[in-house]
Every structure is written in structure tokens, then in C-alpha cells.
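Enquirer: below: sequence and its predicted model.
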Amino acid sequence: MALTQLQLNSLSVAKDIGKAFGLVAGLASYRVSPSVLLLIGSIEGFVGYGVQWLVVSQRIQPLPYWQMCIFLCMGGNSTTWMNTAILVTCIRNFRKNRGPVSGILKGYVGLSTAIFTDICTALFNSDPARFLLMLTVVPFFVCLFAIVFLREIPASSTAAEEKSETRYIGIFNAVAITIAVYLLVFDITGDHGPTLSRVFCIILLLMLASPLLVPVCIAIQNRIGSNEKTLDIESVKTAVTEPLLVHQEETVTETGNVMDEAKEKMQPVIGEEHTVFEALKTIDFWILFVLFLCGVGTGLAVQNNMAQMGLAVGYADVSIFISLTSIWGFFGRIGSGSISEYFIRKAGTPRPLWNAASQILMMVGYVLMAIAMPGSLYIGWIVVGICYGVRLAITVPTASELFGLKYCHTLKIH
């Protein structure tokens with residue numbers, strides 16, 4: 001579109017600014033349901049990416065540059081509404097496995113870049129207009145489908161429920177890793193004919209749909225169990241008619257009232273529920289904010305310019321770098337979520353430790369890119385992709401553990 005490098009950078013900034021307004025989605029979640037958040041995000045993404053498709057496909061005249069910035073901002077902001085609705089709902093539903101759940105969800109977000117890129121390459125010969133059309137249509141209809149099912153449910157309360165929950169999450173992990181390896185093999189093997197490309201897409205779509213078998217199997221098992229065993233409703237009714245605490249109001253002394261009022265005014269400690277303003281008063285929030293800004297911010301800046309970096313080094317086709325960063329970023333997200341959950345249970349290892357380790361390794365990846373030796377760009381992208389994924393997956397459960405789940409839809413970092 002004959003844009004300068006400076007104009008391209010500004011468009012990338014406009015997209016990132018849209019994500020920065022994710023706070024609006026967090027505040028809206030206080031008053032509307034997750035389904036409404038999904039609907040808002042899907043419509044905003046449909047408009048934002050739809051206008052970009054109309055311009056790139058030359059179905060309308062090119063818009064003024066400032067208007068294009070607005071529509072890129074809308075496209076970026078749409079993901080924050082989807083992210084808020086899905087991520088927070090799932091973390092609340094699976095509180096005992098918030099690390100693995102965050103890793104799976106964030107992992108698929110990162111993997112989606114490779115999925116869309118590879119499908120576009122396989123079916124449409126990397127046509128940018130077709131690529132934007134996929135971004136316009138596919139998330140819109142997927143969100144409309146998800147609206148029917150997305151809701152909060154009671155968290156697991158028994159050992160059997162926790163064991164079953166962990167087992168099914170393990171199945172989701174296995175499926176996700178299989179998809180990532182499948183994409184990686186497709187990218188490494190190079191050019192493919194039209195027939196193999198179509199077969200690749202069909203198998204990929206089947207693999208993406210395969211997790212739907214888990215809730216279907218659970219529903220069938222529950223239906224069979226309910227048919228085999230008749231529950232006597234009257235037998236489970238409690239015979240207790242008197243409350244456990246009688247005339248509680250009369251037993252509270254004046255001193256107790258004063259102590260309760262004082263407790264309400266005290267700043268909650270780390271690990272308890274925090275409001276937004278209470279979290280802003282803690283040093284822990286600002287440390288987490290700065291670490292996220294530096295770690296994820298630099299990774300995002302590199303990803304926004306990976307095409308230019310590849311061309312500068314001499315690579316004609318830079319799509320492989322996009323896929324590599326996406327796939328290895330997925331491994332970083334899904335691996336860090338499960339590994340951090342394991343060590344926090346077994347040894348009490350704090351999650352921020354993994355953030356520190358990933359930041360050190362990310363610096364190594366930047367150095368490998370900077371020296372621009374043969375092959376170093378490939379290694380650098382892989383290292384940065386893994387570490388970038390770790391930062392995204394670890395930060396969300398860390399914020400919920402520090403400041404509670406009640407307001408994490410506003411406190412979580414997009």
C-alpha cells in the first residue's frame with residue numbers, strides 16, 4: 001500500500017493502543033455478563049478487520065491514514081473483550097488449575113497466529129486480503145457460537161472432582177501440543193502442493209474441533225449415570241430447621257462492632273481480595289506492572305517488526321519467522337502454566353520466579369538477533385517466542401493469586 005516504515009510502525013502502535021484500552025472491558029465486566037462481552041468483542045473485531053479487508057481488497061477507496069489507525073485500534077481492542085470474557089470466566093471455574101488453564105488459553109491465542117498464517121498460505125497463497133477476511137469472519141462466528149455456552153459454574157469442591165478436572169485439562173494440553181507439533185512440521189517441511197495443503201487444512205480443523213468431544217463425553221456419562229441411579233430428593237433434604245447461629249445480632253458486643261468497622265477500613269493483605277484502587281496502593285502491583293511492561297513490551301515491539309528484520313538480514317519470505325514465534329510462544333505459554341502450577345503445589349515455588357528466568361533468557365534471544373549471524377535469527381525468534389509466551393501465561397494467574405479473583409478482570413494485564 002506504499003506506506004513508509006514510519007507509517008507501518010504507527011499502525012502497529014495503533015493496534016497496541018487498542019489493546020491498552022482493555023481496561024474498559026474489565027470495567028464493563030462488572031455490569032454485564034461474559035456473553036455480552038463476547039458479543040461486543042466480536043462485533044468490534046468484525047468492523048475493525050472488515051474495513052481493513054475492504055481497503056486491502058480494493059473494494060472501497062483507500063481511507064485517510066488516521067481512519068486506518070482507528071480501525072486497527074478497533075481490531076486490537078476487540079481481543080481484549082474476548083480475552084476478558086473467556087480467560088476470567090475459566091480461571092474462576094477452574095481455580096485449582098488456574099496455571100494450566102491460563103497456559104492453554106494464552107497458548108491457543110499465540111498459536112492462532114500460526115494457524116491463520118498457515119491456512120492462508122496453504123489455501124490462498126498468502127493473499128493478505130484473504131487473510132484479513134479470515135480475521136473478520138472466523139472469530140465473529142466462533143464468538144457467536146461460544147456465547148451459548150460461556151458461563152460461570154461452581155468450582156470443584158471434592159478430591160474426585162479435582163482429579164477429574166486435572167485429567168481433562170491434561171487431555172486439552174495433549175491435544176494442543178499435538179496441534180503445535182503438527183504446525184511446526186508443516187512449516188519446517190517447506191513448500192507443499194495444493195492437494196497436500198488442502199489435506200493439511202482439513203486435518204488441522206478436525207484437530208481444533210476435537211476438544212469438543214470432552215464435554216460431549218462428560219454429558220453422555222452424566223446422562224447414563226442419572227438413568228442408572230434414581231435420586232431420592234426427599235432423602236437429601238436436611239432435617240435441620242433451626243439456624244446454626246441463633247440470635248447472632250444479640251450476641252455481638254459494641255466492641256465487636258468497632259473491631260469489624262476497623263477491619264473493613266484496613267488494607268487487605270496480599271492474597272486477599274483487592275479492589276482496583278487497593279491494588280494500586282501496593283508495591284506488588286507496580287512491580288508486576290513494570291515487569292510486564294518491560295518483558296512483554298519488548299517482545300511485542302520485536303514481533304511488530306519481525307518482517308522488516310527478516311528482510312533486512314536478507315530473507316525473502318518472512319512468514320516462517322511469524323509461524324516459529326507463534327508456535328514456540330505457544331510452548332512457552334502452555335509449558336509455563338503447567339510447570340508453575342506443579343512447583344507451586346509441590347515446593348511452594350512462586351510464579352514470578354519463572355518470569356525472572358524467562359527475562360534473562362529473552363535477553364539472550366535479543367543478542368542472537370542483533371549479531372545477525374547465519375541461522376541466529378531462527379534461534380533468536382524461537383527463544384524470544386518461548387519467553388514471551390511464559391510472560392503472558394504466568395502474569396495472569398500471578399495477578400489473581402496476589403489480588404484475588406473478584407476484580408481480576410480489571411486488574412489482569414492485556
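Expert: Now that the structure is in, tell me what you want to look at.
Enquirer: what ranges do the helices span in the stretch 101-250 of the chain?
Expert: 128-147, 159-188, 194-209, 213-228, 248-251 (DSSP state H, counting those that start in this stretch).
Enquirer: which of the ones you listed sits closest to residue 341?
Expert: helix 159-188 (9.6 Å; C-beta to C-beta). From N, CA and C alone the C-beta is placed, and that goes for glycine too.
Enquirer: now do that closest one: distance to the chain's middle.
Expert: Taking C-alpha atoms, centre = their mean, to the nearest Å, the mean C-alpha location of helix 159-188 is offset from the chain mean by 16 Å.
Enquirer: and it, what's buried?
Expert: By 16 or more other C-beta atoms under 10 Å, the buried positions in helix 159-188 come out as 165, 168-169, 172-173, 175-176, 179-180, 182-184, 186-187.
Enquirer: could those go into TSV alongside pLDDT?
Expert: Listed next are those as TSV, based on pLDDT from 0 to 100:
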residue	pLDDT
165	85
168	87
169	87
172	88
173	86
175	90
176	88
179	90
180	87
182	89
183	86
184	83
186	83
187	79
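Enquirer: now, which of those residues sits nearest residue 3?
Expert: Distances from residue 3 to the buried residues of helix 159-188, taken by C-beta to C-beta, are shortest for residue 187, at 27.3 Å.
Enquirer: tell me which residues touch the closest one, please.
Expert: 114, 118, 320, 323, 324, 327 (C-beta atoms under 8 Å, 6 or more residues apart in numbering).
Enquirer: now stretch 14-23: average pLDDT?
Expert: Across stretch 14-23, the average pLDDT comes to 81.
Enquirer: any regions of the stretch 301-414 of the chain where pLDDT drops low?
Expert: 405-414 (pLDDT under 70).
Enquirer: can you do 50?
Expert: Scanning the stretch 301-414 of the chain for pLDDT under 50 picks out 413-414.
Enquirer: going along the chain, name the strands of it.
Expert: Read by DSSP state E, counting those that start in this stretch, the stretch 301-414 of the chain holds no strands at all.
Enquirer: ok so, going back, next, format the helices of the stretch 101-250 of the chain as JSON lines and append distance to residue 89.
Expert: Converted to JSON lines, these look like this (distance: least, C-beta to C-beta, whole Å):
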{"stretch": "helix 128-147", "distance to residue 89": "10"}
{"stretch": "helix 159-188", "distance to residue 89": "15"}
{"stretch": "helix 194-209", "distance to residue 89": "20"}
{"stretch": "helix 213-228", "distance to residue 89": "15"}
{"stretch": "helix 248-251", "distance to residue 89": "34"}
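Enquirer: pick out the shakiest of the ones you listed, pLDDT-wise.
Expert: Among these, helix 248-251 scores lowest, with a mean of 44.
Enquirer: filter the contacts of residue 187 to the buried ones?
Expert: Neighbour-count burial (16+ other C-beta under 10 Å) applied to the contacts of residue 187 gives 114, 118, 320, 323, 324, 327.
Enquirer: just the closest of the residues you listed to residue 16, please.
Expert: Using C-beta to C-beta, residue 114 is the member of these that lies nearest residue 16, at 20.2 Å.
Enquirer: which residues touch that closest one?
Expert: Contacts for residue 114 (C-beta under 8 Å, 6+ apart) come out as 183, 187, 322, 323, 326, 327, 330.
Enquirer: mind checking which of those are in helices?
Expert: 183, 187, 322, 323, 326, 327, 330 (DSSP state H).
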